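# sequence? don't have it. structure:
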């Protein structure tokens with residue numbers, strides 16, 4: 001029961017985020033936004049759809065809950081708080097794509113004061129804690145490793161290249 005509720009909430013959360021991201025993408029494009037790394041976006045979508053599919057299948061094969069699951073749940077909830085803080089800090093500049101608006105300053109407040117890519121920390125924690133809580137170890141380890149590999153070798157370099165096109169403000 002906990003699995004169904006939690007996974008449903010996370011999937012609905014993702015769909016709402018995609019809707020918001022699409023609105024923000026439209027706003028950014030109307031303000032001269034330039035997209036970087038368009039070609040890699042489809043791999044992010046595939047990774048996340050495959051993650052949920054793998055998680056559900058693995059749980060159907062072996063439905064269980066790890067003892068001490070509440071620790072991983074607390075980490076998962078903390079990640080959600082960081083996600084909300086990150087998205088609220090970026091406001092309309094947040095997107096699932098890499099879009100920058102020329103002559104806008106980089107966001108360096110909120111969690112971006114402490115971490116360069118806080119939302120990637122969130123995603124990594126989610127991809128590990130959610131399946132680990134339900135003893136879906138294959139999903140937890142394989143998708144966490146795939147995500148980290150993708151972030152470090154594809155997504156973050158694209159984002160860093162995009163951010164080089166923005167002025168760098170003084171940190172407050």
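Here it is on my side, so go on. Keep in mind that this is a model prediction, so the values were computed, not measured. Numbers count the residues shown, from 1 in each chain.

# how far away is the most centrally placed residue in the chain from residue 152?
The structure's the chain has its C-alpha centroid closest to residue 123; by C-alpha atoms, centre = their mean the separation is 4.0 Å. When distance is defined by C-beta to C-beta, to the nearest Å, residue 123 is 13 Å away from residue 152. Bear in mind the C-beta positions are built from the backbone N, C-alpha and C, glycine included.

# and the longest helix for the protein?
The helix that spans the most residues within the chain, counting by DSSP state H, is helix 2-30.

# Just checking the distance from the helix or strand hosting residue 160 to the centre of its chain.
Per DSSP states H and E, residue 160 falls inside helix 156-163. Computed by C-alpha atoms, centre = their mean, to the nearest Å, the separation of helix 156-163 from the middle of its chain amounts to 16 Å.

# what helices or strands is it leaning on?
Judged by 3 or more C-beta pairs under 8 Å, 6 or more residues apart in numbering; DSSP states H and E, the packing partners of helix 156-163 are strand 34-36, strand 98-100.

# about what we covered before: by contact count, what packs against the longest helix of the chain?
helix 41-61, strand 98-100, helix 118-133.

# run the last query once more with 7 Å
Judged by 3 or more C-beta pairs under 7 Å, 6 or more residues apart in numbering; DSSP states H and E, helix 2-30 is in contact with helix 41-61.

# Any buried residues in the helix or strand that the helix it packs on is followed by, and which?
From helix 41-61 onward toward the C-terminus, using DSSP H and E, the following helix or strand is helix 69-90. Neighbour counts over helix 69-90 (16 or more other C-beta atoms under 10 Å) mark 69, 72-73, 75-76, 79-80, 82-83, 85-87, 89-90 as buried.

# Cool, thanks, signing off.
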